[in-house]
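1. Model the following, please.
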Amino acid sequence: MAETGSGRQGPGQAPGEMRAADGDRALVAERLRNALDEGRLTLAEYDERVRTAYAAVTYADLNTLLADLPMSGGVLELRPTSQAPAPQTPPPPPAVRAPGRRKRRIPLALMILWTIWGSLVAVNIAVWLIVSVMTGHLLYPWPVWVAGPTGAALLAVTVGVQAIRDSSEHRDSREHRDRE
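-> Predicted coordinates for the structure are as follows:
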């Protein structure tokens, strides 16, 4: 009688048909996040692929999510791991960016917040202008109370995030030089 559910590869079972582990799903999700950050995936594609990755059962299911995404050293192909843990190797040096592709200066979340802020300020100014024109005289410029404090807070957050990112990039480049 054949043994089922043991987790061992059967004689006719291809590596891609083996069941994937939670760590494999998390690895694929991380690779997809990197592809989103690089601009290779849209937010909708990323969302769909991550949902599919966490629902994946086999290595083949996970590999299809990464098949059209280039990774350092070629396309990532997940394979079942053996019982013995792999020896720890130092991480590879950071990949060289393709010419013409620059790292986004402001994180996407901050760009979205600035867009929302600008939209709200524009709506408030438009309402103020319409009311001023309709009444026939210039009203108190109340939109400054909408734009000023929230804009100052958002500016402080943006400056802080940029300072953290710059120090992190500086530290990473220093560590890279030290390794060489």
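2. Ala29: neighbour count?
-> Per other CB atoms under 10 Å, the neighbour tally for Ala29 reads 18. (Each C-beta comes from the backbone N, C-alpha and C, glycine too.)
3. so it makes contact with Val50?
-> Yes. Using CB atoms under 8 Å, Ala29 is in contact with Val50, at 5.2 Å.
4. pull the longest helix from the protein.
-> Using DSSP state H, we find that the single longest helix of the chain is helix 143-179.
5. by contact count, what packs against that one?
-> Helix 143-179 sits against helix 108-135, with contacts defined as 3 or more CB pairs under 8 Å, 6 or more residues apart in numbering; DSSP states H and E.
6. Check which helices and strands the helix it packs on is in contact with.
-> With contacts taken as 3+ CB pairs under 8 Å, 6+ apart, helix 108-135 sits against helix 143-179.
7. Can you give me the buried ones in the helix it packs on?
-> Neighbour-count burial for helix 143-179 flags Pro143, Val146, Ala147, Leu154, Thr158 (criterion: 16 or more other CB atoms under 10 Å).
8. so what's the fourth one up against?
-> Translated: Leu154. Residues counted as contacts of Leu154 (CB atoms under 8 Å, 6 or more residues apart in numbering) are Leu110, Leu113, Trp114, Trp117.
9. Could I get the contacting residues of the residue nearest in space to the middle of the chain?
-> Nearest to the geometric centre of the chain sits Arg33, at 3.8 Å (CA atoms, centre = their mean). Neighbouring residues of Arg33 by CB under 8 Å, 6+ apart: Tyr46, Val50.
10. ok so, going back, which one among the contacts of Leu154 sits at the bottom for pLDDT?
-> Among the contacts of Leu154, Leu110 carries the lowest pLDDT, at 91.
11. got a list of what that one touches?
-> Leu154, Val157, Thr158, Val161.
12. Next one: Glu165 from Pro107, what distance?
-> Small correction: residue 165 is Arg, not Glu. If you measure Arg165 against Pro107 using CB to CB, to the nearest Å, the figure is 8 Å.
13. follow-up on the earlier one: between the contacts of Leu154, which is closest to Asp178?
-> For the contacts of Leu154, the minimum distance to Asp178 (CB to CB) is 30.6 Å, reached by Leu110.
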